[in-house]
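In: give me coordinates for this.
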Amino acid sequence: MTPKEHISENFALKGFTSIQIGFYFLLASYSIKIILEGFLIDDNPMGMMSAEIIEYLIGGIGVFLFLFSSFALFFSAKRRAKKQELPLWNSLSKRIFYKYMASFLVLFIALIFLMKQGFIYFITPVFLFFYGANLLFVSKENNQNIRIISGICLLLAMICFLIPSYWYASITILGIAHITFGIVVKN
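Out: Here you go, the predicted structure:
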């Protein structure tokens, strides 16, 4: 392999990193489900909170999901670059980083816009659609495995658009897909 091929693999979603991100998705979806169920039960302390506080809690979970997933990608890239004795921040890795940050900034703006407009049933389908598109946008051109996860995201987005209550199962399936992808595609 040429050094450029090694450098392009620094920020890669495979192996333990993908498993870690999958667990973050599972944890986030479960936490959101518990918060929403608690909000609907009268005797639960979550039921005493206002809808705005619940929105902030769920938004915070989304931000932590993004941060922890980003840190997992960064630290695995750092280990990979150190192992290959290559610089982590070069022109190619910077370009991948900027594409990653820009695509997730657009995703967060779209989700906040939907929430502020009251279209809460469209938040999960839009998230899944943008997440699948972001995977294709940020990944290498010929990565068939990322295309599979992206296709799963797009399929789940369509299902969530038709059946809004399917959000928890969709995010759980996405987490399981990441874990499976990490087991199958090792470093």
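
In: identify the residues contacting I149.
Out: Counting by Cβ atoms under 8 Å, 6 or more residues apart in numbering, I149 touches G132, L135, L174, A177, H178, F181. No exception for glycine: its C-beta is placed from N, CA and C like everyone else's.

In: need the pLDDT of it.
Out: According to the prediction, I149 has pLDDT 84.

In: list the buried ones in the helix or strand containing it?
Out: Counting by DSSP states H and E, the element that carries I149 is helix 144-162. Buried residues in helix 144-162, counted by 16 or more other Cβ atoms under 10 Å: I146, I149, S150, I152, C153, L154, L156, A157, I159, C160, F161.

In: circling back to that earlier point, reformat the contacts of I149 as TSV; add secondary structure and pLDDT.
Out: As requested, these are arranged in TSV below (DSSP: H, G, I helix; E, B strand; the rest coil; pLDDT from 0 to 100):
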residue	secondary structure	pLDDT
G132	helix	88
L135	helix	83
L174	helix	91
A177	helix	89
H178	helix	89
F181	helix	85
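
In: which one of these is nearest to L57?
Out: L174 (20.6 Å; Cβ to Cβ).

In: go ahead and confirm that closest one touches A157.
Out: No. L174 is not in contact with A157 according to Cβ atoms under 8 Å; the separation is 10.1 Å.

In: where do the contact lists of those two overlap?
Out: The contact lists of L174 and A157 share L128, where a contact means Cβ under 8 Å, 6+ apart.

In: from the contact counts, what lies against the lengthiest helix in the chain?
Out: Ranked by residue count and defined by DSSP state H, the top helix of the chain is helix 51-83. For helix 51-83, the elements it packs on are helix 16-40, helix 91-117, judged by 3 or more Cβ pairs under 8 Å, 6 or more residues apart in numbering; DSSP states H and E.
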